[in-house]
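Visitor: my questions concern the predicted model and sequence given below.
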Amino acid sequence: MKPANVRQPSLWKARFVSEGAAASAMGLLALVVALLLCASPLFAQTNPMVERLPADTWAYLSWGGTASLKSVSSTNTVLRLWNDPAFSALLENSFATVSHGGGAAKSSGLTPERMAEIRSALENPVVIGFVNQGFANQGENSDAMGHGLPSYFLIYDATGKKELIDKLRHERDEHMTERPQVSTIPIGGVSVEKRVSKGGDTSYEAQAGTYYIVAGSRHTMAELLTRFGAGAAPAVSFTQAADFPTECREMARDATLSALALPGRISIPAQAGNAGFDFRAFSSSLHLDQIRAACMGVTFEKQITHTRGAVLGDTSRGSILNVAGDNRDSFATLPLASANSSFKGSVVDYAGLYNSLFTAISAGLPGNRAPFLAAVVAFLTSTWGMPPDQALGLFTGEFAVIHPDNTTDPSQSFYAATIHDPDKVVHILEHLLPGERASTNQDGDVIYLTTTFSGVPASGKPGQGLVIYFALTPNMLIASKEQDVLRRAVARMHSTTGAAQADALAGDPDFQKARAALPAKLNSLSYTNYAHYNWPKLFAETQKSLNEQMQEAARNAKRPAPPPVQIFQGMDPAMLARYLHVSIGGGWKNATGVYFDSYIQ
């Protein structure tokens, strides 16, 4: 069941991508690969393999395979990128470079043949997860204290893929430095391969009908063979269990990639932790025992990639989920972003986080260690001139990262946080920052603070320490590595001219259309318009950064410098612009949990 304020997707709904993907091409590659591992059809159903999972499953990740993507593979923007031969060549080149430092033969990396095998394997469904075997078991699959450990499993629909599976298993064994002890044992009438590593870790592998199964314990393998070896699904469906939330069932139904964790199914021993800390008391104080589930689902629609997720549980005061700030229909930091900027903002109750953790740690500590915690608080209070919760209360919740003009240069980005009483915030910063304070001055209602970290080299400035510039207005803290970037942000915040308003991200038509896809009130928001990206510059900066890192690693290891690598050689930067256009994501909180929704086109 979807929350009432979630609007249904439309063709123009924009689309989410992570901050790291927006910052670098390598991050973007990771994002696209991750998304494609979970690609789903437009009208998919829940992976039927999930229905057969053991009743004591407490976490799983399910992927329904790319074979069902034919109806959207030529229209969905991310899938079109994945299917572009130039992108495949980029992946091969990038993996080879990272794996071998540019010096080894690239044929030993992600070759076209290996890429074809990966694509073939991704065509079929797979489920991985954990079952809870309790903490009363002894012997196999137990730790040194005799506590039963959660057992993992992997189930792959090997229909038409047996030859590929056999090949991959053979290659795995060939590349092992220490071969495990392998024996064949019968379990439920099926021949199962038992593998024991030199360290004593035991795993089980079997072929049950069309399914290739791996399990971390004999008990789990026996259960899976019963459920997947038979032709009919078990009478009791895992997804119909009373503690399987309706919200999560809805997310899984339309997504080929879905994930679920049910914390309430994890058995924690009474003696969990150690004599110096009561983990159960700590957990109870944070209301962790009232987190019902965490789940997410990804669907690849005709043109849009849609991700939904939720952490369901108690969000009342004192709960760890209440750390997510209150929803709002506008962000005070958003006016700092110009029309071509990338924006990522969130709302956090910093003082509430401190109070919740302080209360929980106090509950977990034995009485004889309480004075130590009180001494730490007293020291901070003396240093800062106020108790920690009051100091954190100076930050009123919002925090944003803004990349003007979609810059790919971190030095041109800036950070903003909402505050009150800037004089006190300056006092806190002067005691918190380990750098050398170079200057503090005031210009009207703005306090400028400059701090130099001499032990941290500035990027692109050999021999110079990192300098951070701060500006504090009555209601905002802004920080940047470049003084002119900081000054422009302050000028923008103070400007009330029509030109400044017209250049605001909030007034940009693309942003407004994308924003309409999300609920009216949010506690987090991120947006990027890739049409404004300077992709050639991004490629050049990424390649330069990678070469610098490889050179530094060689110097630190006292090895010869590796030759420069060209991971984007032969690739047209405009390729990405053809596929990735706009992304947006947002989160919100209500009495039942914390939710997020995101889109990419």
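Guide: Good, I have the coordinates.

Visitor: what are the ranges of the helices in the stretch 401-550 of the chain?
Guide: Shown for the stretch 401-550 of the chain, the helices assigned by DSSP state H, counting those that start in this stretch span residues 422-432, 483-494, 498-502, 509-515, 535-556.

Visitor: any stretches of the stretch 251-400 of the chain with poor pLDDT?
Guide: 267-275 (pLDDT under 70).

Visitor: may I have stretch 337-352 as CSV, with CA atoms only?
Guide: Extracted C-alpha coordinates of stretch 337-352, given in CSV (Å, rounded to 0.1, in the frame of the first residue of the first chain):
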residue,chain,number,x,y,z
ALA,A,337,21.3,26.9,-6.1
SER,A,338,21.3,28.5,-9.6
ALA,A,339,19.2,27.1,-12.4
ASN,A,340,22.0,24.9,-13.7
SER,A,341,23.1,23.5,-10.4
SER,A,342,23.0,20.1,-8.9
PHE,A,343,21.4,20.0,-5.4
LYS,A,344,21.2,17.5,-2.6
GLY,A,345,19.7,18.5,0.7
SER,A,346,18.4,16.7,3.8
VAL,A,347,16.9,17.5,7.2
VAL,A,348,18.4,15.9,10.3
ASP,A,349,17.6,16.4,13.9
TYR,A,350,21.2,16.7,15.2
ALA,A,351,20.3,17.4,18.8
GLY,A,352,17.7,14.6,18.7
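
Visitor: ok, back up a step: using CSV, please lay out the helices of the stretch 401-550 of the chain together with distance to Ser283, mean neighbour count and mean pLDDT.
Guide: All C-beta atoms are positioned from the backbone trio N, CA, C, and that covers glycine. As requested, the helices of the stretch 401-550 of the chain are arranged in CSV below (distance: least, C-beta to C-beta, whole Å; neighbours: other C-beta atoms under 10 Å; pLDDT from 0 to 100):
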stretch, distance to Ser283, mean neighbour count, mean pLDDT
helix 422-432, 29, 16, 87
helix 483-494, 42, 16, 90
helix 498-502, 49, 11, 57
helix 509-515, 38, 17, 93
helix 535-556, 40, 15, 81
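
Visitor: which one of the ones you listed lies closest to Leu353?
Guide: helix 422-432 (16.1 Å; C-beta to C-beta).

Visitor: do you know the pLDDT at Gly570?
Guide: On the pLDDT scale, Gly570 is placed at 68.

Visitor: go on, Arg7?
Guide: Taking Arg7 on its own, its pLDDT is 38.

Visitor: burial count for Gln442?
Guide: Neighbours of Gln442 under the rule other C-beta atoms under 10 Å: 12.

Visitor: model confidence for the residue nearest to it when sequence neighbours are not counted, exactly?
Guide: Nearest non-adjacent residue to Gln442, counting by C-beta to C-beta, 6 or more residues apart in numbering: Tyr448, 7.2 Å away. On pLDDT, Tyr448 comes in at 93.

Visitor: I'd say Tyr448 and Tyr469 touch.
Guide: Yes - in this structure, Tyr448 is within contact of Tyr469 by C-beta atoms under 8 Å, at 7.2 Å.

Visitor: which of these two has more neighbours?
Guide: Tyr469 (21 against 18).

Visitor: tally up the residues packed near Leu522, please.
Guide: 25.

Visitor: hmm, back to that, look up how far Trp588 lies from the residue nearest to Gln442.
Guide: Relative to Trp588, Tyr448 is positioned 35 Å away (C-beta to C-beta, to the nearest Å).

Visitor: same deal with Tyr212?
Guide: 40 Å.

Visitor: neighbour count: those two, which is higher?
Guide: Neighbour count, other C-beta under 10 Å: between Tyr212 and Trp588, Trp588 has more, with 25 against 22.

Visitor: any idea which element the more buried one lies in?
Guide: Trp588 belongs to strand 582-590 when assigned by DSSP states H and E.

Visitor: cool, and His170?
Guide: Applying DSSP H and E, one finds His170 within helix 162-174.

Visitor: quick check: next helix or strand after that helix?
Guide: Following helix 162-174 toward the C-terminus (DSSP H and E): strand 181-187.

Visitor: which helices and strands sit right next to that following strand?
Guide: strand 190-196, helix 218-229 (3 or more C-beta pairs under 8 Å, 6 or more residues apart in numbering; DSSP states H and E).

Visitor: residues in contact with the helix or strand that the last one is followed by?
Guide: It refers to helix 218-229. Later in the chain than helix 218-229, the nearest helix or strand by DSSP H and E is helix 246-253. Applying C-beta atoms under 8 Å, 6 or more residues apart in numbering, the contact partners of helix 246-253 are 1-2, 45-47, 50, 62, 239, 258, 260, 293, 295-297, 308-310, 312, 592-593.

Visitor: buried ones from the residues you listed, can you make that a PyMOL selection?
Guide: Command for PyMOL that selects the buried part of those, burial taken from 16 or more other C-beta atoms under 10 Å:
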select buried, resi 46+47+50+62+239+258+260+293+295+296+297+308+309+310+312+592+593
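
Visitor: which of the contacts of helix 246-253 fall within helices?
Guide: Val50 (DSSP state H).

Visitor: filter the contacts of helix 246-253 down to the ones in strands?
Guide: Judged by DSSP state E, strands contain the following of the contacts of helix 246-253: 62, 258, 260, 293, 295-297, 308-310, 312, 593.

Visitor: closest to Asn76 out of those?
Guide: Of these, the one sitting nearest to Asn76 (C-beta to C-beta) turns out to be Gly297, at 15.8 Å.

Visitor: if that closest one is in a bridge, with which residues?
Guide: Ser258, Arg308 (DSSP bridges).

Visitor: make residue 1 into 331 and carry on from there
Guide: Right, with 331 as the first residue, what we last looked at is Gly627.

Visitor: so what's it up against?
Guide: Here Gly627 is in contact with 581-582, 584-585, 587-589, 637-639 (C-beta under 8 Å, 6+ apart).

Visitor: adding distance to Gly655, write those out as JSON lines.
Guide: Below are these laid out as JSON lines (distance: C-beta to C-beta, whole Å):
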{"residue": "Met581", "distance to Gly655": "24"}
{"residue": "Ala582", "distance to Gly655": "28"}
{"residue": "Asp584", "distance to Gly655": "29"}
{"residue": "Ala585", "distance to Gly655": "28"}
{"residue": "Leu587", "distance to Gly655": "28"}
{"residue": "Ser588", "distance to Gly655": "28"}
{"residue": "Ala589", "distance to Gly655": "25"}
{"residue": "Thr637", "distance to Gly655": "21"}
{"residue": "Arg638", "distance to Gly655": "20"}
{"residue": "Gly639", "distance to Gly655": "18"}
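
Visitor: buried subset of those residues?
Guide: 581-582, 584-585, 587-589, 637-639.

Visitor: where's Trp388, which helix or strand?
Guide: Using DSSP H and E, Trp388 sits within strand 387-393.

Visitor: and the next helix-or-strand element following that strand, what's buried?
Guide: Sequence order places helix 407-413 as the next helix or strand after strand 387-393, per DSSP H and E. Using 16+ other C-beta under 10 Å as the test for burial, helix 407-413 gives 407-413.

Visitor: what's the strand holding Trp918 packed up against?
Guide: In terms of contacts (3+ C-beta pairs under 8 Å, 6+ apart), strand 912-920 is packed against helix 839-845, strand 854-859, strand 923-930.

Visitor: ok, Arg817 to Ser769 distance?
Guide: 15 Å.

Visitor: ignore the last one, Val457
Guide: In this view, Val457 and Ser769 are 59 Å apart by C-beta to C-beta.

Visitor: between the two, point out the one with more neighbours.
Guide: When Val457 is set against Ser769 and neighbours are counted by other C-beta under 10 Å, the residue ahead is Val457, at 22 against 10.

Visitor: beta partners of that one?
Guide: Ser392, Ile485.

Visitor: tell me who's in contact with the closest residue to Tyr390 other than its chain neighbours.
Guide: Spatial nearest neighbour of Tyr390, excluding adjacent residues (C-beta to C-beta, 6+ apart): Gly459 at 3.2 Å. By C-beta under 8 Å, 6+ apart, Gly459 lies in contact with 383, 387-391, 482-483.

Visitor: which residues touch the closest residue to Phe417 other than its chain neighbours?
Guide: Spatial nearest neighbour of Phe417, excluding adjacent residues (C-beta to C-beta, 6+ apart): Leu411 at 5.5 Å. Neighbour list for Leu411: 362, 417, 905-906, 909-910 [criterion: C-beta under 8 Å, 6+ apart].
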